[in-house]
Each structure stands twice: as C-alpha cells, then as structure tokens.
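Enquirer: Build me a model:
(chains A and B)
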Amino acid sequence: MWRNELRDRLLAMAKRRGFIWPAFDIYGGLRGFYDYGPLGSELKRNIINLWRKYYVLGEGFAEIDSPNLSPEDVFRASGHLDKFKDLMTVCTSCGAAFRADKLVKTENADSLSADELWEEMKREGVKCPECGGELTKPEPFNLMFGTHIGPKGKGERAGYLRPETAQAMFMDFQYLYRYFREKLPFGAVQIGKGFRNEISPRQGLIRLREFNMAEAEIFFDPEEKDWPGFEKVSDENVRLIPNTGGELLMSIGEAVQKGIIRSRALSYFLGITKKFLLDAGIDEGKLRFREHLRDEMAHYADDCWDAEVLLSYGWVEVVGIADRTDYDLSRHMEYSGENLKALRKYPETREIEVTEVIPDYGKLGPLFKKDAKKVAEALISLGPDIAGDITVSADGKEYTVPESAYRVEKVKKKVSGEEFIPHVIEPSYGIDRILYAVLEHNYKEVIDDGETYRILSLPARIAPIKAGVFPLMAKEGMDKKAMEIYEMLRNEGINAFYDHSGSIGRRYARMDEIGTPFCITVDYQTLEDDTVTMRNREDKRQERIPVKEIAKKIADRIDGGIL
RNA sequence: GCAGGCGUGAUCUAGUUGGUUAGGAUUAGGGCCUUCCAAGCCCUCUGCCCGGGUUCAAAUCCCGGCGCCUGCACCA
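Expert: Coordinates of the predicted model:
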C-alpha cells in the first residue's frame, strides 16, 4: 500500500510540472474543482482519444455532443429530480448529519417524503445515533446544480447542470435509431462534463464537483441474448467480486457460462473496459470488477459492475457498467409522450388473423353523442370474447351498448414486426479518476546516489510529450540542428519538447519525470553523418538512428504500443 | 455538514516566552564551463492562505473564512 508521502510527492510533481493545478487558486481555491495544466490537458486528451479508439473506431459507436445544461423536465423523467438527492437531518446538539431514511425502521423509507419521514421519525422517537440529541426535520439535498434558463419572469425555466451525460443519448434515441438505419444493437457515446454538488469533495481528482466522463449507451433487443464480438473478449481473465461474496479469477467467457455475470452484453463491456484500462497504463494487478449490492444500485440500474482500481486511497471506482434495462426509454416515453420504441422486424411481412371488436360508429354516435368515443374505447378494451348487449363503464358512468352497435370479426392484418423498448447497457468512465490512477500506477521513485529520481512510466501513446529533443551542447550548430528536428517532429504531428539548458542528464531527468518515452540527442556525430541518438525512458538505452527516420520510429512505437 | 491535525517562494524547510531588511536548500530563468544520464561556478525571480481582533509591535496570540489531510457522514 502506498504511503501518503509518496502520493504527496506525486501530487507536488503534478502541480510543479503542469499536470494538475488547484482551480481558482489565487482566490483560495475551491474544493472539488481542478485545472488541468498543459501536460494534464494533453494527457487527458490522449486518454480520451484512446477511449474513442475503442468505442468509436473499435465498436463503431456514434459520438454525440449535447448541452451541459438541461431543462427540468429531463430530470423529472430521468428520476434525478426525485432520486438523486438525500433527505438530510442534522443533530441540534452535536451537529452530526445523517440520511434520515437510514434512521427509521420502516420498510422503503427511502421512498417517503420529507413530511412522511419526519412523522415517522417522531413516531419512532428517533434520536441522534451519536449523542442522543434532537434531530431536525429532514431536508432534501439534491446533488444537482440548479439554475434558471432565460431571463427572470415569464420566459424563465428551471434548469440543472447534468449529473451524467447519458440522458441526451436517450432523448436522441429516435435520431440515433434512424442514423443506424433502424438496426439494433447500436451504441452512442458522449464525452463531456458532468456536475454533482458533492457535500464534501475530497481526495483530489477522485471526487470532483465538475468532472469529465465518457459514457456509452448501447441499445439492444433484450431477446437477443448473444452479443456480436463476444469472442474477442471471452478469453480475457478478470478478477471478479460478485455481490454474493467472494473473489474469483476467471475468464469472461467462464463467468458468463457460470452465470456470475448475467448477460453476455454486460460481460463484453467488462472485457473491453479491462483492455482499455490496461492500454491506458492501469496496473492489471490493481484492477478488479465488483458487482453492486442490490441496495447500492442507482435508481435506474438493474445490475451493475464497477471497474475498481487500487489507489493510495483504497479501491476506487473508475468505470461503472450498468444494465439500465428499459428504464430510461420508458421514463422518457412516459414523460414526453414520444414513441421511443424499436421494431423487431420479422424476416418477411406476415399476414395474421386477429379477432377484433369493431364498433359501429354510425350507431354509437347518435346513441351516446359526446360520450361515443369513450364508449367505443371501453368496448374495444373488453376484448373479442363478447356477445349480445354489453354494459360498459367509462368515467364512472355505465352505458349499455346494443348488439347491433358492434361486431366481432376476424380480420387479416399485415405485420412487419413487433415493437419493443430497447434495453440499455451503459459503460460509464470517470476520465479524471482514470487519469489520476494512471499517474499513481506509473509513478516511480528511484534513489540514485542519494538523490530521488522520478520516472513516470506512461504508455507512449498517452504520454503528453512524445520526445525530448536536445543538443548535447548548445554550440557549434548542434542547437540549431536540434531545433530543426524539434520543428520537424511537430510538423509530423509528434508533440516534442526542445531543451538545451543544464547538463544532458538533467534534461533526460526532466523528461523522465513527466513520462516522455523518447529523447533525441544531437551530438558531434550528427554533424558528420546526420544520425542522432534515441534514448528509451524505461531502460535508458540508446540507439543511433538517421534523422530521417526519427518521426517514423516514434510513430511506430506509439501505435505499436511498445511501451 | 461535524470533529481533530495542518497552512512560510514552484518544492522542502528554519524562524512562535510577539521585537530590525523572514534565513537556507532544491527547482526555475540568465551566463560561464561541459563530448550522453539531476557535475561545478556566478547572477536573478518568486513567500508568512485570506479577513478581522489584541498590541507600541503579529509569520508568531485570539476569532472567523478558505484550502489540504484523517475519521464520521455522504457519494460512486
């Protein structure tokens, strides 16, 4: 386990070198908000691009980009307005705060309103568990940041900063469904900011009030149990902690076969997640997948596995892979009145016979006037097993429909498929947490000659700077030559860094500290034969290569993932 | 939100029975030197978290705020 001093030194380095800075620092800072400095921004971008490589290029999912701020309706439908909050009660004598629903004995206490809960607390005589003092009436604390959209007054609407990027992908379902030419499964992704008004953010990048997330929503037919591409990951070994207890090490395929992971679709994204995290530089020995306990699940989830990484803070969730079933689409259908269903097409259009009740509106109209429509609907809802004069009730009133006002008939219909609400699997990645974990898992200190030497062993593909370019000494044209190479690399799209100050060893050390995988040095021989040395961060070995080949060599190693 | 600990340049730190221009090291920038892994020499920049109070005088004592760490709670 990490000592905190080591973490402190990593964070000091991250601040000093421009990875992470406290936001609003000159005004004293604010908990839960950080700036990414130049290296941090680049690192974040590289991690996100790696994620895109998996989800957009790899899976063929479609990326969308939607507003951070949403009108209230969205969260009424999503459930965040009601559920993404806690009723807090505070002790009047010792000041301790509690979730009020955890203090009462009633079943389903979390579904009670503040008033109901307050009544229940009084009835049970609940006192402060800490000191026995009196508790205040529970007050809701919603974790969403609220604001007003539009000018105060008539045009004003309540709005909230989104606590997750997911909702837009549900709201855009119809567009996406058409974009994918009405074929399931398909996936949509969004990379962006989420906002949560955490009561007490701690632990640096681990709990932020404004954070970066990358989410995918994969829509699929719940009857399609199989998952395309499942074989790609079925041999991946993973450490699993199912909610039935215990810890298991087995392949994805085996876990599905034994029913430990309930769906192939869900398990597929466990496998993809593992591959992505390892590519990003997460240590496999510090990675596990843990299934949520039933009472731990978010309000929208049916099953959920978290990817957790071991950090100096303990095991921390970095990815949540949830089966949201049809919760979101159903809710948005209910609240918006729109049809968010997909069609399960039959191989060919079928002609089926159905027995239907067919009201005779020509008779019903004169009989029931304004109520005719309601009566007809009530009649149809009785189903085809009716005969004779029928009494139906609508809106509390009874109507007698004579036999002559309807008929029951077999009719032929063409049916091309059946409608259903797709289910959704959601892998949700916390980019900031992943970025921090990558730093911790790759930060090393070596004591060399009594001096602490720091190396950040970032995978080459996510390292913010790919190559340092130095003249051995800044004279006799070596500096000029190095500068030329530096510019050449940048023109090739390789983020490089030129440095001629101090000794060559110091410059290597500076690059090692920020995770630069390669260093190019121009020496006297370069002036003769146009070759340079290329040094590898991990083993400090050098090879001599022609200037012409530098860019290609570096590019190859980044894409090939040598490091 | 509560409790405890902490807060001196970018980093580490000296300095608190209140008492001159807050000292050092590292880093960073400039220069000299230097033929590949934090060498050396010279010069230079950056600081008492913020606000209020006590006092002739506050980095030092008191109060509040902010931030960091730990625990509880919360969140995922």
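Enquirer: Contact partners for residue A:163?
Expert: A:80, A:84, A:143-144, A:194-196 (CB atoms under 8 Å, 6 or more residues apart in numbering). All C-beta spots, glycine's among them, are computed from the backbone N, C-alpha and C.
Enquirer: what's around whichever residue of the stretch 351-500 of chain A sits closest to RNA strand B, how many residues?
Expert: Across the stretch 351-500 of chain A, the shortest distance to RNA strand B (CB to the nearest atom of the strand) belongs to residue A:473, at 3.9 Å. Look at residue A:473: counted by other CB atoms under 10 Å, it has 14 neighbours.
Enquirer: Point out the residues in the stretch 201-350 of chain A that sit beside RNA strand B.
Expert: Listed as neighbours of RNA strand B in the stretch 201-350 of chain A under the rule CB under 7 Å from any atom of the strand: A:201-204, A:207, A:296, A:298, A:306, A:313, A:317, A:320.
Enquirer: What is the lowest-pLDDT residue among the contacts of residue A:163?
Expert: Here the lowest pLDDT out of those sits on residue A:84, with 77.
Enquirer: Contact partners for the residue in the stretch 201-350 of chain A that RNA strand B sits nearest to?
Expert: In the stretch 201-350 of chain A, the residue that lies nearest RNA strand B is residue A:317 (3.8 Å; CB to the nearest atom of the strand). Contacts for residue A:317 (CB under 8 Å, 6+ apart) come out as A:306-308, A:430, A:433.
Enquirer: give me the beta-bridge partners of it?
Expert: Going by DSSP bridges, residue A:317 is paired in beta bridges with residue A:308.
Enquirer: The residue of the stretch 151-300 of chain A found nearest RNA strand B: how many residues sit nearby?
Expert: Residue nearest to RNA strand B within the stretch 151-300 of chain A (CB to the nearest atom of the strand): residue A:200, separated by 3.7 Å. The number of residues packed near residue A:200 is 8, by other CB under 10 Å.
Enquirer: List the buried residues of the longest helix along chain A.
Expert: Among the segments of chain A that qualify as a helix by DSSP state H, the longest is helix A:264-280. Buried residues in helix A:264-280, counted by 16 or more other CB atoms under 10 Å: A:264-274, A:276-277, A:279-280.
Enquirer: tell me the contacts of residue A:474?
Expert: By CB under 8 Å, 6+ apart, residue A:474 lies in contact with residue A:500.
Enquirer: Spell out the secondary structure type for it.
Expert: Taken by DSSP: H, G, I helix; E, B strand; the rest coil, the conformation at residue A:474 corresponds to coil.
Enquirer: can you pull out the helices in the stretch 51-200 of chain A?
Expert: Taking DSSP state H, counting those that start in this stretch as the test, the helices found in the stretch 51-200 of chain A are A:72-78, A:80-83, A:114-124, A:166-171, A:173-179.
Enquirer: Could you list the low-pLDDT ranges of the stretch 51-200 of chain A?
Expert: Residues of the stretch 51-200 of chain A that meet the criterion pLDDT under 70 lie in A:86-99, A:101-103, A:105-113, A:128-133, A:140, A:153-154.
Enquirer: 80 instead?
Expert: A:82-142, A:151-155, A:198-200 (pLDDT under 80).
Enquirer: Next: the stretch 451-563 of chain A.
Expert: Residue ranges of the stretch 451-563 of chain A with pLDDT under 80: A:451-452, A:559-563.
Enquirer: Number of residues surrounding the residue in it that RNA strand B sits nearest to?
Expert: Of all residues in the stretch 451-563 of chain A, residue A:505 sits closest to RNA strand B, at 2.3 Å by CB to the nearest atom of the strand. Per other CB under 10 Å, the neighbour tally for residue A:505 reads 8.
Enquirer: And residue A:52, by the same measure?
Expert: Residues near residue A:52, counting by other CB under 10 Å, number 16.
Enquirer: For residue A:355, list each beta-bridge partner.
Expert: residue A:410.
Enquirer: okay, it: pLDDT?
Expert: Confidence score, pLDDT, at residue A:355: 79.
Enquirer: Assess the claim that it and residue A:409 are in contact.
Expert: Yes: between residue A:355 and residue A:409 there is a contact under CB atoms under 8 Å: 7.1 Å.
Enquirer: Can I have the buried ones of the residues of the stretch 201-350 of chain A next to RNA strand B as a PyMOL selection?
Expert: Of those, the buried ones can be selected in PyMOL as follows, counting by 16+ other CB under 10 Å:
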select buried, chain A and resi 201+204+207+298+306+313+320
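Enquirer: For the residues of the stretch 201-350 of chain A next to RNA strand B, give me TSV that also has secondary structure and pLDDT.
Expert: Below are these laid out as TSV (DSSP: H, G, I helix; E, B strand; the rest coil; pLDDT from 0 to 100):
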residue	secondary structure	pLDDT
A:201	coil	79
A:202	coil	76
A:203	coil	82
A:204	helix	85
A:207	coil	87
A:296	helix	72
A:298	coil	73
A:306	strand	94
A:313	coil	86
A:317	strand	92
A:320	strand	94
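Enquirer: Looking at the residues of the stretch 201-350 of chain A next to RNA strand B, which is nearest residue A:382?
Expert: For these, the minimum distance to residue A:382 (CB to CB) is 40.5 Å, reached by residue A:298.
Enquirer: Contact partners for that closest one?
Expert: A:304, A:322.
Enquirer: if I pick residue A:527, what's in contact with it?
Expert: Contacts of residue A:527 were listed using CB under 8 Å, 6+ apart, and they are A:476-478, A:481.
Enquirer: got the phi/psi numbers for it?
Expert: phi -70, psi -20 (degrees, to the nearest 10).
Enquirer: ok, now how distant is it from residue A:475?
Expert: Separation of residue A:527 from residue A:475 (CB to CB, to the nearest Å) stands at 11 Å.
Enquirer: what sits in contact with each of those two?
Expert: Counting by CB under 8 Å, 6+ apart, residue A:527 and residue A:475 have no common neighbour.
Enquirer: returning to that earlier point: what's the local residue count around the closest residue to the residue of the stretch 151-300 of chain A closest to RNA strand B other than its chain neighbours?
Expert: Nearest residue to residue A:200, sequence neighbours excluded (CB to CB, 6 or more residues apart in numbering): residue A:31, at 7.7 Å. Neighbours of residue A:31 under the rule other CB under 10 Å: 14.
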